[in-house]
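Colleague: turn this into a model:
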Amino acid sequence: MAVGEFVQLERKMGIAYVTLTRPEKYNALNFQMFKELDSVISDLKKDRTIKIVILSGSAGNFSSGLDVKSVLNSPLQAVSLLFKWLPGNANLAQRVSCGWRNLPIPVIAVIEGCCFGGGMQIALGADIRIVSPDAKLSIMEAKWGLVPDMAGFVSLRELVGKDQAMLLTMTAKVLSAEESLEKGLVTEISTTPMARAKALADEISNTSPDANAAIKMSINKSWTASVRRLLSRESISQIRLLMGKNRLIAAKRNSEDVKGVEVKTKYRDRQSGW
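Modeller: Sure thing, here's the model as predicted:
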């Protein structure tokens, strides 16, 4: 297990468990946590043994958002968070959200308790969001006179309509799990969100990692692109997959599963007289 002061990374059976660990502050984001998250994302991007990431917060909360007081107490830290060489590049604050989108593996966020502001921006960077029934979510930056500037809009525009994005960000409304699901901000509600995430991770791990990487890239890059770009990207990805070994491994595994189901079905039919 790689342990930072505020972020833990545990690799287990092809799954990376990333946990925000600042429980006394409801996992509020300080400068060091930003740096550790950025480092973890860079580390995972190079690790070919990891097939999926489960991202969560400790002690029953995902994150209460930016620790404004902590960051603003050091002007140098604030500058370091926002600095970028070019306007179109991602700065440190943005990389901890869009960085999950750039990983070639699925990322599942497990959301319990509060998920506000910067915490919500990080969760929006995940591919799948599973929440507990008592979770509370909010794009809360406007409450502090700020604009959401951690790249969460990249995912938000794909999840909700423009009017809903305006409403959620301008009012800073705190949503229940049910309201979040209804608006499309989260994927599922589960009374045992971590167990559900692990089960889903095991299910995804049985498919080809190359195919999953291609699917994630195609969906993310083509969601708002032209049809021509989408068709081109699909064709290129499929050719690469057909030439790779992981397709054969996945096909063989799933073929064996299908045969097992067919044998059980035939036996059951014979027993019932069909």
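Colleague: spatially nearest residue to residue 23 (excluding sequence neighbours)?
Modeller: residue 59 (3.6 Å; CB to CB, 6 or more residues apart in numbering). (Glycine included, C-beta is placed from N, CA and C.)
Colleague: so where do the helices sit in this protein?
Modeller: Ranges of helices in the chain, per DSSP state H, are 31-46, 68-72, 75-82, 92-102, 118-124, 152-159, 162-171, 177-183, 193-205, 209-222, 227-242, 245-272.
Colleague: buried deepest among these, which one?
Modeller: Among those, helix 118-124 has the highest mean neighbour count (mean count of other CB atoms under 10 Å), at a mean of 29.
Colleague: packing partners of that one?
Modeller: strand 52-57, helix 92-102, strand 107-111, strand 136-138, helix 152-159 (3 or more CB pairs under 8 Å, 6 or more residues apart in numbering; DSSP states H and E).
Colleague: out of the ones you listed, which gets nearest to residue 128?
Modeller: Distance to residue 128, taken as CB to CB, is lowest for strand 107-111 among the helices and strands packed on helix 118-124, at 4.6 Å.
Colleague: ok so, going back, the residue nearest to residue 23 - how many residues pack around it?
Modeller: 14 (other CB atoms under 10 Å).
Colleague: mind putting the helices and strands packed on helix 118-124 in JSON lines, mean pLDDT and distance to residue 179 included?
Modeller: Below are the helices and strands packed on helix 118-124 laid out as JSON lines (pLDDT from 0 to 100; distance: least, CB to CB, whole Å):
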{"stretch": "strand 52-57", "mean pLDDT": "98", "distance to residue 179": "20"}
{"stretch": "helix 92-102", "mean pLDDT": "95", "distance to residue 179": "22"}
{"stretch": "strand 107-111", "mean pLDDT": "98", "distance to residue 179": "13"}
{"stretch": "strand 136-138", "mean pLDDT": "98", "distance to residue 179": "8"}
{"stretch": "helix 152-159", "mean pLDDT": "91", "distance to residue 179": "14"}
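Colleague: those into CSV, with extra columns for distance to residue 214?
Modeller: Formatted as CSV, those follow (distance: least, CB to CB, whole Å):
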stretch, distance to residue 214
strand 52-57, 15
helix 92-102, 14
strand 107-111, 16
strand 136-138, 30
helix 152-159, 18
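Colleague: closest one to residue 73 among these?
Modeller: Closest approach to residue 73 among those (CB to CB): helix 92-102, 16.5 Å.
Colleague: just the angle for that closest one relative to helix 152-159, thanks.
Modeller: Relative orientation of helix 92-102 versus helix 152-159 (axes from the mean of the first three to the mean of the last three CA atoms, to 10 degrees): 40 degrees.
Colleague: by contact count, what packs against helix 92-102?
Modeller: Under the contact rule (3+ CB pairs under 8 Å, 6+ apart), helix 92-102 is packed against helix 31-46, helix 75-82, helix 118-124, helix 152-159.
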